[in-house]
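> show me how the following folds:
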Amino acid sequence: MVTSWHSAVWLHIGAGSFHRAHQAWYLHRLIEAGDNNWSIALGNIRDDATPLLNNLSAQGGEYVLETVTPAGERAYETITSVKKIIPWDAELSQLIAQGEKSATRVISFTVTESGYYLDNQFNLDQNNADICADLQGGCRTVYGAISHILQQRQRSNGGPVTLLNCDNLRHNGDRFHHGLQQFLTLRQQPALLQWIADNARCPNTMVDRITPRPSPEVAVRVKEQTGKDDKAPVMAEAFIQWVVEDDFIAGRPALEKVGVEMVKSVVPYEEAKIRILNASHSCIAWAGTLLGQRYIHQSTQTESICQMAYRYVTEDVIPSLSPSPLDLKDYRDVVLERFSNPHIQDTNQRVAADGFSKIPGFITPTLVECYQRGDVPRATSQLPALFFVFMQRWAQNQLPYEYQDGILDSQAVKQMFSAKDPIAEYAHDSKLFGELASKPEFETLLRESIAGVYQWLESAKQG
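Numbering: from 1, shown residues only. You can find the predicted model right below:
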């Protein structure tokens, strides 16, 4: 249903670079085309974006987006779709006030894989400290924030609303909806659960645009090229894609007019993106870090690393995803070209993050499907092998940067590496490997692959 209201609001929670280079860009393009019916209100759950929000507020919500092609062609655009900046406070009172308004028709959010707080069965992790706090009425997580907003909306007759995930989790709308249902069941809020069933939709989406953390050089180039002294610029690659299930309960912007693919099911697009792009990205970041490299493009341009990613996709992923509406070989080649872009300056540190969510989410499904069709997933097993050696370096304080992971259990990982047989402990971790954790043949394969990683590192050192 494409319905437009004058001054309809799209509330976005998560003030990071990705939203400002992606969803905000599409809505800006719609405004540029003459459709002024929608605008963005931008806020954050945590106070870590307060300086950015202050800078955006001082600039009236406007900022410059720099994009760059693999050939180094840069373009600059002032994004105008963010019309309201919501200041952070510990109770999220202003965010909740915006969310409950009937003019707010879509509430979207970007959280990392770990920000869903789901276990390997995709159920809510009730032992997590932030979830426990929110079950007591807090608002540290997306579940706490959204439940407060919807509760107020129910009380004030704010009307129906679409909740839109904009991140890399597979089946993100379904997973979030399930987590929210479990959260509200634990909070014993049956009336709100019924209200959501009647008044909310959670479409699945697939998003894609490489968006590194902006370096100080971005602001310098923006000043040189546009004359603007921008305190909140963002940069991204030129490539962009957004695939959305067309299931909006309270109307939506005419996103199809600016290149968004509105579809019945995102599954084939999502699977290709998560397994080909996201998993390869992680593979390259872990491998590059082990070689002492800082940037993704350096690592992708290292032949042995690129070959690992290429083999993984070609030998194991493409057979798993065929047939597909996408040309998977072409998609693979475009992805590797994008990763090779030296002008993005995307860091291995950013891409290597959240491995404990990425292994079960991005990589284990391909391992499982290879075994199911009678193949040994040698190429895919390189990825968890790289992560094992990467985390071994972390446990020994030998990583060149601070590793960030929302569900990292530091004590458990250090215990694993001090165990008599760390590889056995790793291979038997059902949170990472699901049903494969009980298969001796998988443990054997992982041992071979980890030994292969050590050999590769040794030969790289000598070469």
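> what's the burial count for the spatially closest residue to Val317 that is not a sequence neighbour?
When the adjacent residues along the chain are set aside, Val317 lies closest to Arg275, with 4.8 Å between them (CB to CB, 6 or more residues apart in numbering). Yep, even glycine has a C-beta here, placed from its N, CA and C like the rest. Neighbour count for Arg275, taken as other CB atoms under 10 Å: 25.
> give me the distance between Arg275 and Leu457.
Distance from Arg275 to Leu457, counting by CB to CB, to the nearest Å: 25 Å.
> next one: Val64
41 Å.
> ok, now Ala90?
Counting by CB to CB, the separation of Ala90 from Leu457 is 46 Å.
> settle it for me: which of these two has more neighbours?
Leu457 (15 against 9).
> so which strand or helix has the more buried one?
helix 440-462 (DSSP states H and E).
> any idea how far that helix is from the chain center?
Helix 440-462 has its C-alpha centroid displaced from the chain centroid by 29 Å (CA atoms, centre = their mean, to the nearest Å).
> which other helices and strands contact that helix?
Applying 3 or more CB pairs under 8 Å, 6 or more residues apart in numbering; DSSP states H and E, we find helix 440-462 packed against helix 364-372, helix 378-395, helix 422-427.
> deepest-packed of the ones you listed, please.
Comparing these by mean neighbour count (mean count of other CB atoms under 10 Å), helix 378-395 ranks first with a mean of 23.
> what sits up against it?
279, 282-283, 286-287, 289-290, 308, 311-312, 314-317, 352, 355, 359, 363, 366-367, 370, 399, 403, 413-414, 417, 422-423, 426, 432-433, 445-446, 448-450, 452-454, 457 (CB atoms under 8 Å, 6 or more residues apart in numbering).
> tell me the mean pLDDT over that helix?
The pLDDT scores in helix 378-395 average 98.
> quick one: name whatever helix or strand follows that helix.
Per DSSP H and E, helix 378-395 leads on to helix 410-418 as the next helix or strand towards the C-terminus.
> helix 378-395 and that next one, what's the angle between them?
Orientation of helix 410-418 against helix 378-395 (axes from the mean of the first three to the mean of the last three CA atoms, to 10 degrees) gives an angle of 110 degrees.
> now do helix 410-418: distance to the chain's middle.
On CA atoms, centre = their mean, the centre of helix 410-418 falls 26 Å from the chain's centre.
> what residues are up against Ser280?
Applying CB under 8 Å, 6+ apart, the residues contacting Ser280 are Ala309, Tyr312, Val313, Val335, Leu336, Phe339.
> report the buried residues of the stretch of helix or strand it belongs to.
Per DSSP H and E: Ser280 is located in helix 279-290. Neighbour counts using 16 or more other CB atoms under 10 Å place Ala279, Ser280, His281, Ser282, Cys283, Ile284, Ala285, Trp286, Ala287, Gly288, Thr289, Leu290 of helix 279-290 among the buried residues.
> using PDB, write down the CA coordinates of it.
Below are the C-alpha coordinates for helix 279-290, written out as PDB (Å, rounded to 0.1, in the frame of the first residue of the first chain):
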ATOM      1  CA  ALA A 279      30.600 -13.800   5.100                       C
ATOM      2  CA  SER A 280      33.400 -13.100   2.500                       C
ATOM      3  CA  HIS A 281      33.900  -9.600   4.100                       C
ATOM      4  CA  SER A 282      34.500 -11.300   7.500                       C
ATOM      5  CA  CYS A 283      36.800 -13.900   5.900                       C
ATOM      6  CA  ILE A 284      38.900 -11.100   4.400                       C
ATOM      7  CA  ALA A 285      39.000  -9.000   7.600                       C
ATOM      8  CA  TRP A 286      40.000 -11.900   9.800                       C
ATOM      9  CA  ALA A 287      42.700 -13.100   7.300                       C
ATOM     10  CA  GLY A 288      44.000  -9.600   6.700                       C
ATOM     11  CA  THR A 289      44.300  -8.900  10.400                       C
ATOM     12  CA  LEU A 290      46.300 -12.100  10.800                       C
END
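> what's the average pLDDT for it?
Across helix 279-290, the average pLDDT comes to 98.
> could you point out which element follows it?
Downstream of helix 279-290, the next assigned helix or strand under DSSP H and E is helix 296-300.
> count of neighbours near His22?
His22: 22 neighbours (other CB under 10 Å).
> same check, this time on Tyr454
Tyr454: 13 surrounding residues under other CB under 10 Å.
> could you report the pLDDT at Ala460?
We have a pLDDT of 88 for Ala460.
> so who does it touch?
Counted by CB under 8 Å, 6+ apart, Ala460 has contacts Leu291, Ser304.
> output the helix holding Leu457 as PDB, nothing but the C-alphas.
The C-alpha coordinates for helix 440-462 follow below in PDB (Å, rounded to 0.1, in the frame of the first residue of the first chain):
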ATOM      1  CA  PRO A 440      33.000 -35.900  14.600                       C
ATOM      2  CA  GLU A 441      33.600 -35.400  10.900                       C
ATOM      3  CA  PHE A 442      33.100 -31.600  11.400                       C
ATOM      4  CA  GLU A 443      35.700 -31.500  14.200                       C
ATOM      5  CA  THR A 444      38.200 -33.400  12.000                       C
ATOM      6  CA  LEU A 445      37.600 -30.900   9.100                       C
ATOM      7  CA  LEU A 446      38.000 -27.900  11.400                       C
ATOM      8  CA  ARG A 447      41.300 -29.400  12.700                       C
ATOM      9  CA  GLU A 448      42.600 -29.700   9.200                       C
ATOM     10  CA  SER A 449      41.500 -26.200   8.300                       C
ATOM     11  CA  ILE A 450      43.000 -24.600  11.400                       C
ATOM     12  CA  ALA A 451      46.300 -26.400  10.600                       C
ATOM     13  CA  GLY A 452      46.000 -25.000   7.100                       C
ATOM     14  CA  VAL A 453      45.600 -21.500   8.400                       C
ATOM     15  CA  TYR A 454      48.800 -21.900  10.500                       C
ATOM     16  CA  GLN A 455      50.600 -23.200   7.400                       C
ATOM     17  CA  TRP A 456      49.300 -20.300   5.300                       C
ATOM     18  CA  LEU A 457      50.600 -17.800   7.900                       C
ATOM     19  CA  GLU A 458      54.000 -19.500   8.100                       C
ATOM     20  CA  SER A 459      54.400 -19.400   4.300                       C
ATOM     21  CA  ALA A 460      53.200 -15.800   4.200                       C
ATOM     22  CA  LYS A 461      55.800 -14.900   6.800                       C
ATOM     23  CA  GLN A 462      58.500 -16.600   4.800                       C
END
